[in-house]
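Engineer: Predicted model and sequence follow; I will ask about them next.
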Amino acid sequence: MKALKSWRSLFRKRNAGLDGGVPGKSGSNKMKQLPFMGIVCIVMLVIVYRTTNYQYQQTEMETKILPFGTVEDLASLTLVNLPRGIIQPRSDLELRPLWSTSSSRSKVDVSSDHNLLAIPVGIKQKYNVDAIVEKNFTIILFHYDGNMDGWWDLDWSSKAIHIVAQNQTKWWFAKRFLHPDVVSVYDYIFLWDEDLGVENFHPGRYLDIMKSEGLEISQPALDPNSTDIHHRITIRKRMKTVHRRVWDLRGSVKCSNTSEGPPCTGFVEGMAPVFSRSAWHCTWHLIQNDLVHGWGMDMKLGYCAQGDRSKKVGVIDSEFIVHQGIQTLGGGSPSPRKASKDTSPEETVKRQGTPAVDTRSEIRRQSTWELQVFRERWDKAVKEDRTWVDPFKNIQRRRTGKRKSRQS
């Protein structure tokens, strides 16, 4: 019996030691720990909820951008059975011969510069395009009028890339055929219109200036005598090599020393932009697949300038062009065929079919609608992407602070 009592007393002492060393107070200690444990549980639940909610929002955003999964997921799923060394993720637009001799195989392309000129063209502007084409560039022509056969008499045409799609715009072609992985071999990409006069433009000198000035996005200045000038910043300044901003207090948009964004600075127009490789990689993603006229994009190109748009975007004055302002896409407004004196009004309607459509007015109406859609998409994207920070607001705050400190 004594042995049994000694074992009981030993267990009681052991339990008392685990409860804090004081026998009889184990219940009170546990009661004191309950509020603390409750707080810990609440904190853990809040952390888990916020983490789960953040992951859900990220998944929703990725699903909208990539409905079939992220780029990494797609790569891992589709390329898993290939050895890494055989994968070539990029391409180019260089023509390759069907066969080659042993001597030509041993030749290595030692040229360090690769540049691409892409132009939407119609046969009516054939000789103007011929003057624009730089023979040392890779040339890609986007035929929006369906007429490709009329170009073969030009000596460089057989070495160019020809893509035909009826009544499609420059931005439609660019989105589908100038993917960054396809044009990554090119140092600079010229995405020009066909109605440009280039008598005072030399591409070699132009690119030398673009490199020396550190520009990622640029355009040649417009001759003041050009037909279509929409923004004062694009007009040539005779005494300068390059300019990056304009001062103009006339019109609805006032450009002064305090102006920090387009169209006063960090701006080029869509008729003759030139992009560096990095800038084009960003710009291609900015192009909306279904908004084919590209209106509104020029105001956002500065976000693709790989830095401060007031420094990385510029207009080159010493190499300038003339914008002829020829409206060719979509054709002119159709003129009804003249009816003879003996033709009745009913017969005239039957021959002509539907009433004539003013294509230029319709295109402008479509462009205006696309501009509104683009602006709404930008605002929505900024609102939904909580991790995105406008880089130019911080730059603007710093400059405003410096100006105030100078004044004080």
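Structural biologist: Now that the structure is in, tell me what you want to look at. Numbering: from 1, shown residues only.
Engineer: Identify the residue nearest the residue nearest to the spatial centre of the chain in space, chain neighbours excluded?
Structural biologist: Nearest to the mean C-alpha position of the chain, counting by C-alpha atoms, centre = their mean, stands T283 at 2.1 Å. Computed as C-beta to C-beta, 6 or more residues apart in numbering, the closest residue to T283 that is not its neighbour in sequence is C304, at 4.8 Å. (Each C-beta comes from the backbone N, C-alpha and C, glycine too.)
Engineer: That neighbour contacts I217, doesn't it?
Structural biologist: Yes. Counting by C-beta atoms under 8 Å, I217 is a contact partner of C304 at 6.8 Å.
Engineer: need the strands for the stretch 151-300 of the chain, in chain order.
Structural biologist: Here the stretch 151-300 of the chain has its strands, by DSSP state E, counting those that start in this stretch, at 161-164, 188-191, 196-197, 217-222, 242-243, 274-276.
Engineer: Quick one, which of those gets closest to Y206.
Structural biologist: Y206 lies closest to strand 217-222 among the strands of the stretch 151-300 of the chain, at 6.5 Å (C-beta to C-beta).
Engineer: Now do the closest one: distance to the chain's middle.
Structural biologist: Mean-position distance between strand 217-222 and its chain equals 18 Å (C-alpha atoms, centre = their mean, to the nearest Å).
Engineer: Contacts for it next, please.
Structural biologist: Strand 217-222 has contacts (C-beta atoms under 8 Å, 6 or more residues apart in numbering) with 201, 206, 210, 229, 234-237, 242-243, 268-269, 271-276, 279, 283, 301-302, 304-305, 312-317, 319-323.
Engineer: Distance check, the residue nearest to the centre of the chain against K124.
Structural biologist: According to C-beta to C-beta, to the nearest Å, T283 and K124 sit 28 Å apart.
Engineer: In the stretch 301-408 of the chain, what residue spans correspond to helices?
Structural biologist: 309-312, 345-352, 359-384, 391-407 (DSSP state H, counting those that start in this stretch).
Engineer: so where's the stretch 251-400 of the chain shaky on pLDDT?
Structural biologist: Scanning the stretch 251-400 of the chain for pLDDT under 70 picks out 330-356, 395-400.
Engineer: okay, the closest residue to F137 other than its chain neighbours: pLDDT?
Structural biologist: In space, and not counting its chain neighbours, F137 is closest to L117: 4.4 Å by C-beta to C-beta, 6+ apart. Per-residue pLDDT puts L117 at 97.
Engineer: who's in contact with the residue nearest to the centre of the chain?
Structural biologist: 217, 275, 297, 301, 304.
Engineer: what about 10 Å?
Structural biologist: Neighbour list for T283: 174, 178, 180, 189, 191, 216-217, 273, 275-276, 297, 300-301, 303-305 [criterion: C-beta atoms under 10 Å, 6 or more residues apart in numbering].
Engineer: Mind giving me the PyMOL command for buried ones among those residues?
Structural biologist: Selecting only the buried entries of these in PyMOL, with 16 or more other C-beta atoms under 10 Å as the criterion:
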select buried, resi 174+178+180+189+191+216+217+273+275+276+297+300+301+303+304+305
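Engineer: which of the contacts of T283 lies closest to R360?
Structural biologist: Nearest to R360 among the contacts of T283, with distances taken as C-beta to C-beta, is M297, at 20.8 Å.
Engineer: okay but that closest one is in contact with H285, surely?
Structural biologist: No. At 11.4 Å, M297 does not count as touching H285 under the criterion of C-beta atoms under 10 Å.
Engineer: okay, and the common contacts of the two?
Structural biologist: Joint contacts of M297 and H285 (C-beta under 10 Å, 6+ apart) are C304.
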